[in-house]
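A.B. asks: Sequence plus the predicted model coming up.
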Amino acid sequence: MRINKYLAQAVGMSRRTADKAVGSGRVQVNGVPASPGTDVAATDSVTFNGRVVALPANTMTIMLNKPAGYVVSRDGQGSRTIYELLPPELHKLKPVGRLDKNSSGLLLLTNDGKLAHELTHPSFQKTKVYEVELDKPLEPLHRQMISDHGVMLEDGNSKLQLERLSENNDKAWRITMHEGRNRQIRRTLQSLGYDVTKLHRTHFGTYSLGSLETGRIQEL
């Protein structure tokens, strides 16, 4: 296993942060400073900031019903973070994907690197379902554009499946997608002149929020 992946799973940081830690000389493998391409075997001893670290003996995955107003980060930079909602023993778990600060709903956290990869890598195309409210009714032409042809954004075409949450209400929609680009739903609708006033994720792959209350967690 590459050192950045090993460190990410052992310490609970992103691979990018792990690469920086390796580059700054804070990581050693068998007493030798690691390089970005170092591979770690099961018998190797890895230290980070002088402390021995190891992969978790047991994997754990939880589901959080994230409230709006919390950032999916360890450092909120003045904002509340999701880790304030978790007991200390769960702080090493890493979020699988993200929800922006103003979005709510289903968020998975895990120390299972294989599961995280399967849920986030584009090749697996995991379905995600959101309940979305707009500041004004969605025009039929715009609905057709989004569903049939997609809307071109700066990072590519965005195509979403839309379904009314209730009859005769064109402001509230259920949106299904198979991608996970940054703020994709918000950007797609904003490009057509709409503001998303509420975005709540209810499904991620085979996982469903169900009756889990806001701010609560459930072990999976």
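C.D. replies: Yes, it's here. From a predicted model like this one, the values you see are computed outputs, not experimental measurements. Numbers count the residues shown, from 1 in each chain.

A.B. asks: In a strand, Glu167, correct?
C.D. replies: No - assigned with DSSP: H, G, I helix; E, B strand; the rest coil, Glu167 falls outside any strand and is coil.

A.B. asks: what's the distance between it and Asn102?
C.D. replies: For Glu167, the distance to Asn102 equals 27 Å [C-beta to C-beta, to the nearest Å]. The way it works is simple: take the backbone N, C-alpha and C, and place the C-beta from them, glycine included.

A.B. asks: who has more neighbours, those two?
C.D. replies: More crowded of Glu167 and Asn102, by other C-beta atoms under 10 Å: Asn102, with 15 against 5.

A.B. asks: Just say helix, strand or coil for the more buried one.
C.D. replies: coil.

A.B. asks: Numbering from 687 from now on, please.
C.D. replies: Done: numbering now begins at 687, and the last item shifts to Asn788.

A.B. asks: Pretty sure Asp725 sits against Asn690.
C.D. replies: No - between Asp725 and Asn690 there is no contact under C-beta atoms under 8 Å: 10.8 Å.

A.B. asks: Comparing the two, which residue is more hemmed in?
C.D. replies: When neighbours are counted by other C-beta under 10 Å, Asp725 and Asn690 differ, and Asn690 comes out ahead with 24 against 12.

A.B. asks: Relative to Val697, how far out is the more buried one?
C.D. replies: On the measure of C-beta to C-beta, Asn690 and Val697 end up 11 Å apart.

A.B. asks: swap in Glu819?
C.D. replies: Glu819 is 38 Å from Val697, by C-beta to C-beta.
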